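>>> Need the 3D shape of this:
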Amino acid sequence: MAEQIWTADVSRRGFMVGASGLAAGAVLAGASGPATAQEGQAPAGSVVRDANVPNELVGRPAEIQNELRQPEARRLGWAVAGLGHFATSYQIPALGRTRYSELKGLVSGNPEKAAEIARRTGVDQGSVYSYETFDQIADNPEIDVVYVITPNSLHRDLVVRAFEAGKHVMVEKPMATTPEDCEAMIAARDAAGKKLMVAYRAHFEPVNLMAATMIREGQLGDLTFMSSDHHRPLDPSTPKDQWRMRRELSGGGSFIDIGIYALNGTIWFMDEVPSALSARTWSPEGDERFAEVEAVCTVQLRFPSGRLATLSSGYIADKKRIDAWGSQAVAVLDPATEYMGNQLRVSTSEGTEDRQSEFGSQEQFTREIDHLSQAIMNDTDVLTPGEMGLRDVRLIQAIYQAAAETGRWIELNADGSVAG
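Numbering: from 1, shown residues only. As a prediction, the model looks like this:
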């Protein structure tokens, strides 16, 4: 079975029209063994069950019950496009706990899985769409927003079609795999007169917000240097990682997937876009996981102010850490961008102190969803717009270019594009 994982055809077309693709199509049937789950097929005649489908709308762990949830008339309807592990384990449960948002539709290439999730979450079966029938969402007045959570290279098609259907859009990071795709999505947004938000969840995570506030208020003194390391193991036996090994779907390896947290977070905390960068990538020889994508990436950033930052990403170890070095104190987020349990520690000449938030890290999911809903209701700007996503994809493209040129320093424009 292991060899089938490496050689499976996970093309763009195959993902869309197959049994919902490797990222969303692993199913379990009764007591079927691991081989069934890896192949993404259930025995004939069995009842299809998905290991990633939550039994009920609960968090992992559950958040504090929100007693101020608005009446249905004051909530916007959301459709989730792409029903993989992240959607079913985190974002769909989060929608059940938001104040201003409600799950009203599902989009998937796996009709059995979508129907089961609809049954468990109370979504009307008439609001379940395939990728082929997705355009019919235009006729559904209960759906205001489409949240696209598919493999990276598939974002553009669904985002543009959602705007053409008259819906607002949230799209997972990275926004796309090329700047051209990002630009097309922004153009579609402008033509539709709708909102576009990139799901940079760290901007809504309580511990990250505490650190950003400390930096803005000068509690660290002058911020002089940052380092950010984001790593996690890549497991080819799990459907959620199999598409990440295919450049056609992912657009790259560890950096575009998880290193983007390091890049985006550093720019957020530094409050400026780098003016130059250098990068290198590495993969262990003979490891088929990295036949198409990099295992490890290291990046050096230089900013217009003269400050420096170092970033790293990897698909081997497990680490999500940010260090912000100020003239008076150092803030360490470790872990920094997990789904829950992030921690902040501040060190000064007088000692080290753990800073606690009254809110759990898992609130990042409900906060980002409700932020877009409220921006739509009040016609206000979103914190993480398409232009931010475009900037980051331009920078990632420059990082891969620098790595291909063996670490040469590349000068950058203010919009993240390569200068000259």
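
>>> Please name the bridge partners of S312.
S312 has these beta-bridge partners by DSSP bridges: D229, T298.

>>> My guess is T384 contacts Y200. True?
Yes - judged on C-beta atoms under 8 Å, T384 makes contact with Y200 at a distance of 4.3 Å. For every residue, glycine as well, the C-beta is placed using N, CA and C.

>>> list the buried ones in the helix or strand hosting K240?
In the assignment (DSSP states H and E), K240 maps to helix 239-242. For helix 239-242, a neighbour-count test (16 or more other C-beta atoms under 10 Å) marks P239, K240, D241, Q242 as buried.

>>> Are there residues contacting both of T384 and Y200? Which ones?
Common contacts of T384 and Y200 (C-beta atoms under 8 Å, 6 or more residues apart in numbering): E368.

>>> Show the end-to-end separation of stretch 194-212, please.
29 Å (C-alpha to C-alpha, to the nearest Å).

>>> With stretch 241-261 instead?
18 Å.

>>> now stretch 88-103
Distance across stretch 88-103, first residue to last, is 12 Å (C-alpha to C-alpha).

>>> Equivalent analysis for stretch 77-91, please.
With C-alpha to C-alpha, one end of stretch 77-91 sits 14 Å from the other.

>>> Please compute how far it lies from its chain's middle.
Chain-centre distance of stretch 77-91: 11 Å, with C-alpha atoms, centre = their mean, to the nearest Å.

>>> Show me which residues of it are buried.
Applying 16+ other C-beta under 10 Å to stretch 77-91 flags 77-91 as buried.

>>> Quickly name whichever of the residues you listed is closest to L344.
Among these, Y90 lies closest to L344 (C-beta to C-beta), at 21.6 Å.

>>> Can you tell me which of the buried residues of stretch 77-91 end up in strands?
G77, W78, A79, V80, A81 (DSSP state E).

>>> Now do the contacts for the nearest residue to the second one once chain neighbours are set aside.
Nearest-residue entry for W78: V145, 4.7 Å, with adjacent residues in sequence omitted and distances by C-beta to C-beta, 6 or more residues apart in numbering. Taking C-beta under 8 Å, 6+ apart as the definition of contact, the neighbours of V145 are L76, G77, W78, A79, S101, K167, H168, V169, M170, L372, S373, I376.

>>> Bridge partners for V145, pull those for me.
In beta-bridge terms (that is, DSSP bridges), V145 pairs with W78, H168.

>>> pLDDT score for it?
Note on V145: pLDDT of 99.

>>> And it, how far from G122?
In this view, V145 and G122 are 17 Å apart by C-beta to C-beta, to the nearest Å.

>>> go on, V198?
Look at V198 and G122: by C-beta to C-beta, they are 28 Å apart.

>>> And these two? Which one has more around it.
A count of neighbours by other C-beta atoms under 10 Å puts V198 above the other of V198 and G122, at 30 against 11.

>>> From the chain's centroid, how far away is stretch 397-409?
That offset, for stretch 397-409, works out to 24 Å (C-alpha atoms, centre = their mean).

>>> Okay, buried residues for that stretch please.
Buried, per 16+ other C-beta under 10 Å, within stretch 397-409: Q397, A398, I399, Y400, A402, A403.

>>> what pLDDT does the fifth one get?
Right, A402. Value listed for A402 in the pLDDT field: 98.

>>> Doesn't it belong to a strand?
No - counting by DSSP: H, G, I helix; E, B strand; the rest coil, one finds A402 to be helix, located in no strand.

>>> can you count the residues close to the closest residue to it other than its chain neighbours?
Nearest non-adjacent residue to A402, counting by C-beta to C-beta, 6+ apart: A279, 4.2 Å away. If you count neighbours by other C-beta under 10 Å, A279 ends up with 27.

>>> check contacts around A279.
Taking C-beta under 8 Å, 6+ apart as the test, what A279 contacts is C297, T298, V299, Q300, I399, Y400, A402, A403, G407.

>>> Quick check: phi and psi on the residue sitting furthest away from the middle of the chain?
Most distant from the centre of the chain: E350, at 37.8 Å, with distances by C-alpha atoms, centre = their mean. The phi/psi pair for E350 (degrees, to the nearest 10) reads phi -90, psi -10.

>>> My guess is S153 contacts P174. True?
No - using C-beta under 8 Å, S153 is not in contact with P174; the gap is 10.0 Å.

>>> so what sits against both of those two?
G251.

>>> Compare those two and say which is more crowded by neighbours.
P174 (27 against 20).

>>> Per-residue pLDDT of that one, please?
For P174, pLDDT reads 99.

>>> Please report how far it lies from Q70.
According to C-beta to C-beta, P174 and Q70 sit 32 Å apart.
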